[in-house]
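Participant: 3D model of this:
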Amino acid sequence: MQKNRRVPFTVSLFGAFCITSSAFAHHGTVANGALYLTESLLEFEGEIVEVLWRNPHARARMSVIDPNGEEKVWELELGPTPRELENQDLYADDFLGRVRVAGYQSRRDPNEIGAMHILLPSGEELIRSRSAVPLWSDTRVPDATENLDPAKVAEARRTANGIFRVWGPRLLSRPTAADFETQFTDRGRALLAQFNAVTDNPELECRTGVVPSMMDPNALEIVDEGDRIIIHAEEYNVRRTVYLDFEAGGVEPIPSTYGFSVGRWEDDALTVTTTHMDYPLMLPDGVPHSDQVELFESFSISDDQTMLNYSVTVTDPVVFTEPVTIERQRRWNPGYEILDFDCVLSWIGEEGD
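Facilitator: Model (predicted):
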């Protein structure tokens, strides 16, 4: 059962911690070797004194006293979004107090740690990798489970209509540049080589790549609005409009981050063609695209009505030697409600400061 607590912007034992920090959260997995020094797992014991409970990733500050009595403050990247932690029945104030932490040091900021293990004040151990074994406790924080209102679940089941429903997190991993290793043109490789994973990660600006519908990890909702379809991805609050009859409506294609999308039905599948994308990244690990890129997407539902099947074929003669195709699935999540994704970049006090 959820503890049903309301969590403020920051939670602190003694108010805003009085230090200056230029650090921004990496907004990538804490086991990402491009962002963290994953060759060595560091361990600390100290006190978490402040928690920033905001998207895209929850963060904390930890005070550690060394053997000489000197204090050092570490910034912790806790890994998932606040909603994911709440689904594990964890809230900001559960982190405050005496803890043990094992994690990787940031490549961008030597005072930041990507936490892989946290022994919480409760005695439970939070572990970011499902395959990892606890380091200190016999009690592990359970994996995330949705605590949904049964009435909302029942209503969602009653009103389900094809692809128009809420779909849960992406299954399988997000594609990376390594998946296209043999398909880059020389120009594509040159553009990829210009990307610095530490400083150019678009998630440092609360942005993502241009294939948001299925590649980001949070839930999404597909909404039927008659002459158009809205694809609302929870991560970064992305809303894409797919026009079904844009010529009749006099809509002119306008370049934008996610481009201009036109859809049509082929039997029970929604197919979408997207052009006019003016953002330079296809994926947040630096996979580029040019102004000649075109996406062809397909959305369909499984025979048992529980899975959304998705594929996207990317055609870009500047970046790829041939069209590349990515396929992923999402599981239906009846009763889940998409939340606003209020992304914050740094420790800038309370709202309104």
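
Participant: immediately after the longest helix belonging to the chain, which helix or strand?
Facilitator: Secondary structure of the chain read by DSSP state H shows that its longest helix is helix 150-159. Moving toward the C-terminus from helix 150-159, the next helix or strand (DSSP states H and E) is strand 166-170.

Participant: which residues touch that following strand?
Facilitator: 156, 214-222, 308, 328-334, 336-338 (Cβ atoms under 8 Å, 6 or more residues apart in numbering). C-beta coordinates here come from the backbone N, C-alpha and C atoms, glycine included.

Participant: Using CSV, list the CA coordinates for the longest helix of the chain.
Facilitator: Extracted C-alpha coordinates of helix 150-159, given in CSV (Å, rounded to 0.1, in the frame of the first residue of the first chain):
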residue,chain,number,x,y,z
PRO,A,150,-9.4,-0.5,-9.0
ALA,A,151,-12.2,1.6,-10.2
LYS,A,152,-9.9,3.4,-12.7
VAL,A,153,-8.6,0.0,-13.9
ALA,A,154,-12.1,-1.2,-14.5
GLU,A,155,-13.1,1.9,-16.3
ALA,A,156,-10.0,1.7,-18.5
ARG,A,157,-10.8,-1.9,-19.4
ARG,A,158,-14.4,-1.0,-20.2
THR,A,159,-13.5,1.9,-22.5
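
Participant: Parallel or antiparallel, list what pairs with the strand ranked longest in the chain.
Facilitator: The residue-count maximum for a strand in the chain (DSSP state E) belongs to strand 36-52. Note on strand 36-52: by DSSP bridges, its sheet partners are strand 10-12 (antiparallel), strand 59-65 (antiparallel), strand 97-106 (antiparallel).

Participant: I'd like the average pLDDT over it.
Facilitator: The average pLDDT within strand 36-52 is 92.

Participant: Would you mark the buried spots in that strand?
Facilitator: Buried residues in strand 36-52, defined by neighbour count with 16 or more other Cβ atoms under 10 Å: 36, 38, 44, 46, 48-52.

Participant: can you redo the strands paired with strand 36-52 as TSV with distance to residue 133, mean neighbour count and mean pLDDT?
Facilitator: Listed next are the strands paired with strand 36-52 as TSV, based on distance: least, Cβ to Cβ, whole Å; neighbours: other Cβ atoms under 10 Å; pLDDT from 0 to 100:
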stretch	distance to residue 133	mean neighbour count	mean pLDDT
strand 10-12	29	20	52
strand 59-65	23	19	95
strand 97-106	12	19	95
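
Participant: one step back: which of the buried residues of strand 36-52 sits closest to residue 100?
Facilitator: Closest approach to residue 100 among these (Cβ to Cβ): residue 44, at 7.1 Å.

Participant: Any regions of the protein where pLDDT drops low?
Facilitator: Filtered on pLDDT under 70, the chain yields the residue ranges 1-31, 144-147, 212-213, 246-250, 345-353.

Participant: So in terms of bridging, what pairs with the nearest residue to residue 46 once chain neighbours are set aside?
Facilitator: Computed as Cβ to Cβ, 6 or more residues apart in numbering, the closest residue to residue 46 that is not its neighbour in sequence is residue 64, at 3.6 Å. Applying DSSP bridges to residue 64 gives these bridge partners: residue 72.

Participant: Hmm, residue 64 is touching residue 75, no?
Facilitator: No - if you go by Cβ atoms under 8 Å, residue 64 and residue 75 don't touch, sitting 11.8 Å apart.

Participant: tell me which residues in the strand or helix carrying residue 308 are buried?
Facilitator: Using DSSP H and E, residue 308 falls within strand 307-315. For strand 307-315, burial by neighbour count (16+ other Cβ under 10 Å) applies to 307-312, 314-315.

Participant: Show me what it is packed against.
Facilitator: helix 212-215, strand 294-301, strand 324-332 (3 or more Cβ pairs under 8 Å, 6 or more residues apart in numbering; DSSP states H and E).

Participant: Looking at these, which one is packed in the most?
Facilitator: helix 212-215 (a mean of 24; mean count of other Cβ atoms under 10 Å).
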